[in-house]
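Participant: With the sequence up front, the predicted model follows.
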Amino acid sequence: MERRLTAILAADVVGYSRLMGLDEAGTLSALKTHRREMADAKIAEHQGRIVKLTGDGMLVEFPSVVNAVACATEIQRKMRERNVEVAEDRRIEFRIGIHLGDIIFEDNDIYGDGVNIAARIESIARPGGVAVSASVRDNVGNRLDLTFEDTGEQALKNIERPVRVYNVNLFQAAPPPRVTSGATQPKSGPAKEKPSIAVLPFNNMSGDPEQEYFSDGITEDIITDLSKISGLHVIARNTVFTYKGKPIRVQQAAQELGVRFVLEGSVRKVGSRVRVTGQLIDGADGGHVWADRYDRDLTDIFAIQDEITHTIVDQLKVKLLPEEKEAIELAPTENVEAYTYYLRGREFFYRGSKSYYRLARRMFAMAIELDPLYARAYAGTADCDSFLFLDYSEEVSLEGILANAARALEIDSGLAEAHASRGLALAVGQRYKEAETAFERAIAGNPNLFEAHYFYARCCFAQGKLETAATHWERAAEIDPNDYQSSMLLMQVYRSLGRYVDRLETARRAIERAERQLARNPENARPAYLGANALLGLGEFDRAKEWAARAQAIDPDDVLTQYNLACFHCMLGDCDRAFDLLERVMPRANHEMKAWVLHDSDFDLLHNDPRWQKVLDLTT
């Protein structure tokens, strides 16, 4: 248990029950869209950590009071813009309350009077407004261009002493400072907003769909480099990749993403040559700000990325700090062949089956052989070994997994992927507390890192921390629009938590994503057996049986295929078949799979059967 002083932000939706009564599905969809497209990014931008989500609200902690207030005001201003064309009775509006207080941190959650006071202040905030306690007001001082309205001391429910509360005047700038006698004050204009930019997925022009990994990798690296520049607001990868493979009108995309500038381009990789085109477009009028084409040797790919980044900085007249210049010029490897192997390995890893984990590991090993100082390749190797152990009980050395993660951190101590890999390795060894600390460091380093949230959720689920697992799987599913596994796993958690509406919405999204994966990799059983369970959840029994039969035909002896088909038959009510499969699975199950059996709501129907005790005996 840890005590600390922190800024706590509490938010909820005004009139949530009424909105749900009017249009349940539409309200849920709109709320999630606001979070995905705007609120989550604002929280990450201001170094906030979402502690928990409720049906209509959230609890967030910030390392700085100034960050918390700045984040809250930006969210509310953006919400006003987003609601302009929405009918008043259908608008989603937040109330936000902020308090600086002492909290207790335990099991990744926060408790205490500090949390309670923030929640009570939120309850008396104006719709669309931000209310703060006196401790927040005093600490912000004049550091933000805001004015505050003193509402006096408020008697808050279940809070012993009255609390002085201030409303933030969101749409009125602070008055200019008073000029004292004999002093001259510099003139100050309105604060200049950061230029905003979205990097759309570069098109693969190689004529080979297998080269998608390369064009995607270049897109992600440019987004990563631009995101290191404090003078730019850059749309996250998860949002822009929803446009991948779709016809795009740049001005419309700019409007939908809320940015002024859009970068789009293409990559053609043939043999030892590469052609990269890029064009920066002003979303306001569709005009070209800059365009160029690079025909180079493949070995120049890092120089091309660097030139594109610096050109954008120059065109948008952004001041580049010395440490930012150094960070974006530091390539993860100087060896383009190693880079290519790494990108290919990462693509194989995301497909998520035994054969692909082994193939990905070989790609990462080749990258390391070509560049022994390639930190990300060591992290990738550790991840492959972790999943080969967790999912397939392969004889992999835990010490070896930890050593690869440690080597990645030794080369690059700030690499978020390496901290996530270390967290996964620690979870493999059931060192859960240490694992959670590593995951927190990974998320602090890169809030949009898919692996950090996905691995963290698995770790929490194995411990029965379902609320926290749900939070991180939700975030993982938002970050990667191609990820179907997080959504599939969320369905189980939502059922256990009684969140049935969320479960149905998640099932639909999961099936769409699984269909795309099956079309891309028809030899992979995983999207088939997970999709079969999702289809059952939607009542599509015939289609579910087809998917289950497909998984059985693809990989009948795979332990994960058998485990998930046991879930499938249990939900169909075929308990005999479910027990038969579990009896085949459990002798080969490792500690994590045994923990999953205990927390998997798919097996609820079996709990009153005398044979369930035999299953439980095999988990000890």
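Facilitator: Here it is on my side, so go on.

Participant: Which phi and psi values does Val130 adopt?
Facilitator: The phi/psi pair for Val130 (degrees, to the nearest 10) reads phi -130, psi 130.

Participant: what about it, neighbour count?
Facilitator: 30 (other CB atoms under 10 Å). Where you see a C-beta, it was placed from the backbone N, CA and C, and this is true even at glycine.

Participant: One more: Asp285?
Facilitator: Count around Asp285 with other CB under 10 Å applied: 7.

Participant: Likewise for Phe94?
Facilitator: Count around Phe94 with other CB under 10 Å applied: 24.

Participant: wouldn't it be in contact with Gly15 here?
Facilitator: No - checked against CB atoms under 8 Å, the pair Phe94 and Gly15 is beyond contact range at 11.1 Å.

Participant: which stretch of helix or strand covers the closest residue in space to Arg344 that isn't next to it in sequence?
Facilitator: Closest residue in space to Arg344, ignoring its immediate chain neighbours: Met363 at 5.0 Å, by CB to CB, 6 or more residues apart in numbering. Following DSSP states H and E, one finds Met363 within helix 354-370.

Participant: Return the list of helices and strands in contact with that helix.
Facilitator: Secondary-structure packing of helix 354-370 (3 or more CB pairs under 8 Å, 6 or more residues apart in numbering; DSSP states H and E): helix 336-351, helix 375-392.

Participant: Return the most buried member of those.
Facilitator: helix 375-392 (a mean of 25; mean count of other CB atoms under 10 Å).

Participant: low-confidence ranges in the stretch 1-150 of the chain?
Facilitator: The stretch 1-150 of the chain contains residues with pLDDT under 70 at 1-3, 106-108.

Participant: who touches the helix holding Met363?
Facilitator: 333, 335, 337-339, 341-342, 344-349, 374, 377-378, 380-381, 384-385, 387-388, 391-392, 524, 558 (CB atoms under 8 Å, 6 or more residues apart in numbering).

Participant: How many neighbouring residues does Val86 have?
Facilitator: Applying other CB under 10 Å, I find that Val86 has 12 neighbouring residues.

Participant: gap between it and Val165?
Facilitator: 29 Å (CB to CB, to the nearest Å).

Participant: all helices for the stretch 401-550 of the chain, in order.
Facilitator: Ranges of helices in the stretch 401-550 of the chain, per DSSP state H, counting those that start in this stretch, are 416-428, 432-445, 450-462, 466-479, 485-497, 500-520, 526-537, 541-554.

Participant: Show me what counts as buried in the second one.
Facilitator: This means helix 432-445. Tyr432, Ala435, Glu436, Thr437, Ala438, Phe439, Glu440, Arg441, Ala442, Ile443, Gly445 (16 or more other CB atoms under 10 Å).

Participant: Out of the residues you listed, which is nearest to Ala25?
Facilitator: Relative to Ala25, the closest of these is Ile443; by CB to CB it sits at 30.4 Å.

Participant: so how far is Asp56 from the closest one?
Facilitator: Distance, Ile443 to Asp56, using CB to CB: 24 Å.

Participant: what about the residue nearest to Arg344, neighbour count?
Facilitator: Neighbours around Met363, by other CB under 10 Å: 22.

Participant: In the stretch 151-300 of the chain, where is pLDDT below threshold?
Facilitator: In the stretch 151-300 of the chain, residues with pLDDT under 70: 171-193, 210, 238.

Participant: any chance you could map the helices in it?
Facilitator: Using DSSP H, counting those that start in this stretch, helices in the stretch 151-300 of the chain cover 212-227, 237-240, 250-257.

Participant: Reformat these into CSV and put mean neighbour count and distance to Phe62 next to each item.
Facilitator: CSV is the format used below for the helices of the stretch 151-300 of the chain (neighbours: other CB atoms under 10 Å; distance: least, CB to CB, whole Å):
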stretch, mean neighbour count, distance to Phe62
helix 212-227, 22, 19
helix 237-240, 22, 22
helix 250-257, 17, 25
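
Participant: With distance to Ala427 as added columns, please give those in TSV.
Facilitator: TSV is the format used below for those (distance: least, CB to CB, whole Å):
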stretch	distance to Ala427
helix 212-227	25
helix 237-240	24
helix 250-257	35
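
Participant: Pop the domain breakdown of the chain in here.
Facilitator: 2-169, 196-330, 332-480, 484-620 (automatic domain parsing).

Participant: distance between the ends of the third one?
Facilitator: Yep, that's domain 332-480 we're talking about. Domain 332-480 has an end-to-end distance of 22 Å (CA to CA, to the nearest Å).

Participant: May I ask which helix or strand encompasses Ile92?
Facilitator: Per DSSP H and E: Ile92 is located in neither a helix nor a strand.

Participant: what about it, neighbour count?
Facilitator: Other residues close to Ile92 by other CB under 10 Å number 19.

Participant: cool, and Ala44?
Facilitator: 18.

Participant: And the residue nearest to Asn446 when sequence neighbours are not counted, how close does it get to Asn158?
Facilitator: Residue nearest to Asn446 in three dimensions, not counting chain neighbours: Ala416, with 3.7 Å by CB to CB, 6+ apart. Taken as CB to CB, the spacing of Ala416 relative to Asn158 amounts to 39 Å.

Participant: out of these two, which sits in the more crowded spot?
Facilitator: Ala416 (20 against 9).

Participant: Report the buried residues of stretch 47-57.
Facilitator: Per 16+ other CB under 10 Å, stretch 47-57 contains these buried residues: Gly48, Arg49, Ile50, Val51, Leu53, Asp56, Gly57.

Participant: go on, stretch 482-492?
Facilitator: Buried residues in stretch 482-492 (16+ other CB under 10 Å): Asp483, Tyr484, Gln485, Ser486, Ser487, Met488, Leu489, Leu490, Met491, Gln492.

Participant: Which residues are in contact with the fifth one?
Facilitator: With contacts defined as CB under 8 Å, 6+ apart, the neighbours of Ser487 are Trp473, Ala477, Thr506, Ala507, Arg509, Ala510, Arg513, Ala534.

Participant: burial measure for the second one, as a count.
Facilitator: For Ala477, the count of nearby residues is 27 (other CB under 10 Å).

Participant: Ok, the fifth one next?
Facilitator: Applying other CB under 10 Å, we find 18 other residues in the vicinity of Arg509.

Participant: Next one: it from Asn482, what distance?
Facilitator: 12 Å.

Participant: repeat for Glu326
Facilitator: In terms of CB to CB, Glu326 sits 33 Å off from Asn482.
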